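Participant: need coordinates for the below:
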Amino acid sequence: MAENEKVEPAQAAAQEPVEAQPSKSTRSDSHVKRSDHRTVITVVLVIVLAALFSGYGWFVYHPDDLFAMASVICFGIGLAVGLWLLAWLDGNAHSRFGRFCLDFFFGAALIAFIWIFLLGLTFYFEFFMVALGVLLILSALFTLRKI
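Facilitator: Residues are numbered from 1 along each chain as shown. All right, here's what the predicted structure looks like:
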């Protein structure tokens, strides 16, 4: 460029080298790191819940043989994974009615799982209806959250 030519500010800005802008892949890499961090926290939380539920089952039953011990440990793992799955399904619901149905029916299945493990097949209508009533109220409250 000749020295005597006048350069307007817009042209000068266009001629200056442009600094490298972060690419989309760089931004998505940071998102992946956060996602991996959440995954680790979720796995640790599920393992801690499984240990707590198994400890509770162990405290209630005092298992003596290998089958009873495995049953108590499976109860804790199954309940922790069931609660994680319920939370995941609740977060991925597409409508409020869908969220309500998922919460209510999956919660009823978890109640039945706990009931059978702790009380066996003995059915007490009054207590089961109270548990379903509490589940109905909680499902309705969780339905009020925005999708």
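Participant: low pLDDT regions in the chain?
Facilitator: 1-35, 147 (pLDDT under 70).
Participant: one more time with 80, if that's ok
Facilitator: 1-36, 145-147 (pLDDT under 80).
Participant: got the domain ranges for it?
Facilitator: 36-80, 93-147 (automatic domain parsing).
Participant: now mean neighbour count too, for those, in CSV please.
Facilitator: To be clear about C-beta, it is placed using only N, CA and C from the backbone, and glycine gets the same treatment. CSV is the format used below for these (neighbours: other Cβ atoms under 10 Å):
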stretch, mean neighbour count
domain 36-80, 14
domain 93-147, 13
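Participant: using CSV, lay out the ones you listed together with distance to L86.
Facilitator: Below are the domains of the chain laid out as CSV (distance: least, Cβ to Cβ, whole Å):
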stretch, distance to L86
domain 36-80, 10
domain 93-147, 5
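Participant: and the closest residue to F53 other than its chain neighbours, which of the three is it?
Facilitator: Once flanking residues are discounted, F53 sits nearest to G76: 3.7 Å by Cβ to Cβ, 6 or more residues apart in numbering. Here G76 takes the helix state, with states given by DSSP: H, G, I helix; E, B strand; the rest coil.
Participant: any idea how far G76 is from I114?
Facilitator: Remark: distance between G76 and I114 (Cβ to Cβ, to the nearest Å) = 11 Å.
Participant: name the element the nearest residue to A109 once chain neighbours are set aside belongs to?
Facilitator: Using Cβ to Cβ, 6+ apart and skipping residues adjacent in sequence, the residue nearest A109 is G82, 7.6 Å away. Here G82, judged by DSSP states H and E, is contained in helix 66-91.
Participant: okay, helices next: where are they in this protein?
Facilitator: 9-15, 24-61, 66-91, 96-119, 125-143 (DSSP state H).
Participant: thanks a lot, catch you later.
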